[in-house]
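Peer 1: Quick check, what structure comes out for this input:
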Amino acid sequence: MIRVLFICHGNICRSPMAEFVLKDMVEKRNIADRFHIESAATSREEIGNPVHTGTRNKLAQYGISTSGKYARQVTKKDYKEYDYLLVMDDRNVTNIKKITGEDKDKKIYKLLEFAGSKRDIADPWYTGNFDVTYDDIVEGCEAFLKHIEKSE
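Peer 2: Residues are numbered from 1 along each chain as shown. Prediction:
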C-alpha cells in the first residue's frame, strides 16, 4: 500500500483538491486498492472546516466529490505512517518540518517536483484562481503516478 498525504496551509483548498484528484486518477486506472490518500494542514486555522467552496465547485465540474472531508492538522505520527508527504509550496516544506522534524527518510516533496518543476502551487485562497491551481495539481499528480510506476 502506497500511503500519500497531501499538505497545504489550511487543508481546505489545495491539499484536499490534490487528495481527491489523485483518488479519482487511481480509481479510473483501477489501482485505487494500492493507495491510501489523505490530506492535512500545517496550520490550525481551518481545523474542522469543510473544503472551500471554490475547490468543491472546481472538482464538481469533473464529477469529483469532497463529501465528508474536514480540515485536520498534520501530526508527527503522520511522518511515520505515510510514504509520501506532498506539499504545495516552500512555506509548507518549512512548516511541515517544524511539526515532523527533519526529513531523514526523504518523504517530503513539493508536488510539482515530480513534474520537474520547482514552482509552488498558487494558493487560490489568495489568488481566487482555482483553475490554475487545478491544472498544476493535475500536472503534479500525473507526474507523481508516473514516478510510482517507474519505481515499481
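Peer 1: State the distance from Asn11 to Glu113.
Peer 2: Distance from Asn11 to Glu113, counting by C-beta to C-beta, to the nearest Å: 20 Å. No exception for glycine: its C-beta is placed from N, CA and C like everyone else's.
Peer 1: More neighbours: which of those two?
Peer 2: Asn11 (29 against 16; other C-beta atoms under 10 Å).
Peer 1: and that one, that's in a helix?
Peer 2: No - checked against DSSP: H, G, I helix; E, B strand; the rest coil, Asn11 lies outside a helix; its state is coil.
Peer 1: Which elements pack onto the strand or helix carrying Lys77?
Peer 2: In this assignment (DSSP states H and E), Lys77 forms part of helix 76-81. On a contact count with 3 or more C-beta pairs under 8 Å, 6 or more residues apart in numbering; DSSP states H and E, helix 76-81 meets helix 90-100.
Peer 1: Just the residues contacting the helix it packs on, thanks.
Peer 2: Contact with helix 90-100 is made by 7-9, 42-43, 73-76, 78-79, 85, 87, 103, 108, 110, 120, as judged by C-beta atoms under 8 Å, 6 or more residues apart in numbering.
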